[in-house]
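Enquirer: fold the following and give me the result.
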Amino acid sequence: MELGYRIIRPQDVGLQPLAFAQISLWRTAAWDIAVGERAVTEAIEIAVICKTLGIRTVFHPLEYPLMTLQAAQTMNVMRRLAAASDLGIIVHDEGGAGGTRISAAEEAMFERNLAEISGLCHVSIENSFNSGDIIRFWERFVVPASESVSITIDIGHLESAAIDSISFIRKMPDRLISRVHFAHVHHKAEDRFGIKDHLPLVPGCREIEALKELIRRRPDVRVVLELDAGKEGMGQSIELLKN
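Expert: Alright, predicted model coming up:
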């Protein structure tokens with residue numbers, strides 16, 4: 001396993017003593033981060049700085065769908081990120097209102113845009129929109145694709161969706177486990193200021209036990225600790241994962 005952390009702001013670079021990081025950027029957000037064009041420019045600049053410091057990176061753009069009317073804007077951003085990428089780009093699974101599956105036409109658009117991006121750099125699909133349906137989504141879009149398309153398992157999202165993450169990983173077919181490149185870990189806990197996950201890990205938590213199961217089956221997975229890099233609990237979470 002290779003352990004990395006999440007970079008949200010330029011000042012996060014080098015904040016943790018890890019040689020791998022995920023650069024997260026948002027199209028829109030109502031909190032103290034860059035958004036839109038500034039976020040894209042900043043993310044690319046961060047990647048350049050990380051490279052000079054020997055920190056490997058993967059981009060993680062959020063709220064950039066590969067289908068619907070926003071797809072054209074998304075693809076312009078994805079092309080720019082791909083040109084600056086190191087380990088590639090992590091995207092989310094997608095769906096319709098109320099957790100519905102995407103239509104046949106939307107599937108075709110998603111697949112077409114996924115193929116274009118994966119022709120430029122590595123692309124990994126994360127469970128976020130509907131973890132309860134993610135096996136079907138991965139079977140549909142990862143298994144038939146080239147090796148430049150992989151899986152990102154977000155263990156925290158599984159737990160937040162009331163899915164037993166340990167059992168989920170234990171039962172995943174080998175054809176999917178073999179395509180896992182990244183894992184996201186963060187803790188689900190009691191509601192804190194409207195946040196129920198992306199909290200620091202604690203000893204013996206289910207997310208750590210699920211990660212152990214994943215490492216047993218996929219020892220070379222790259223693990224992103226998805227917390228705010230400078231906040232309390234980051235150091236303890238890193239030590240828990242190292243041990």
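
Enquirer: okay, CA-based contacts and neighbour counts for the rest of this
Expert: Noted.

Enquirer: ranges for the strands of the protein?
Expert: Counting by DSSP state E, the chain has these strands, from start to end: 2-7, 20-26, 56-62, 89-92, 123-126, 149-154, 180-185, 222-225.

Enquirer: roughly how far does residue 70 sit from residue 57?
Expert: 26 Å (CA to CA, to the nearest Å).

Enquirer: between these two, who's got more neighbours?
Expert: residue 57 (25 against 12; other CA atoms under 10 Å).

Enquirer: excluding chain neighbours, what is closest to that one?
Expert: residue 21 (4.9 Å; CA to CA, 6 or more residues apart in numbering).

Enquirer: surely the one you found meets residue 8?
Expert: No. The pair residue 21 / residue 8 is not scored as a contact, 10.2 Å apart, by CA atoms under 8 Å.

Enquirer: counting neighbours, go ahead and name the busier of these two.
Expert: Shown here are residue 21 and residue 8; by other CA under 10 Å, residue 21 has more neighbours (28 against 23).

Enquirer: residues in contact with the more buried one?
Expert: By CA atoms under 8 Å, 6 or more residues apart in numbering, residue 21 lies in contact with 4, 5, 6, 7, 55, 56, 57, 58, 224.

Enquirer: now, among these, which is nearest to residue 41?
Expert: residue 7 (14.2 Å; CA to CA).

Enquirer: wait, isn't that closest one in contact with residue 24?
Expert: Yes. Contact status for residue 7 versus residue 24: in contact at 6.2 Å, counting by CA under 8 Å.

Enquirer: who's more crowded, the two?
Expert: residue 7 (28 against 20).

Enquirer: which residue is the nearest non-sequential neighbour of the more buried one?
Expert: residue 23 (4.8 Å).

Enquirer: and the closest residue to residue 25 other than its chain neighbours, how far is that from residue 7?
Expert: Among residues not flanking residue 25 along the chain, residue 61 sits closest, at 4.9 Å (CA to CA, 6+ apart). Separation of residue 61 from residue 7 (CA to CA) stands at 12 Å.

Enquirer: quick check: neighbours shared by those two?
Expert: Contacts common to residue 61 and residue 7, judged by CA under 8 Å, 6+ apart, are residue 24.
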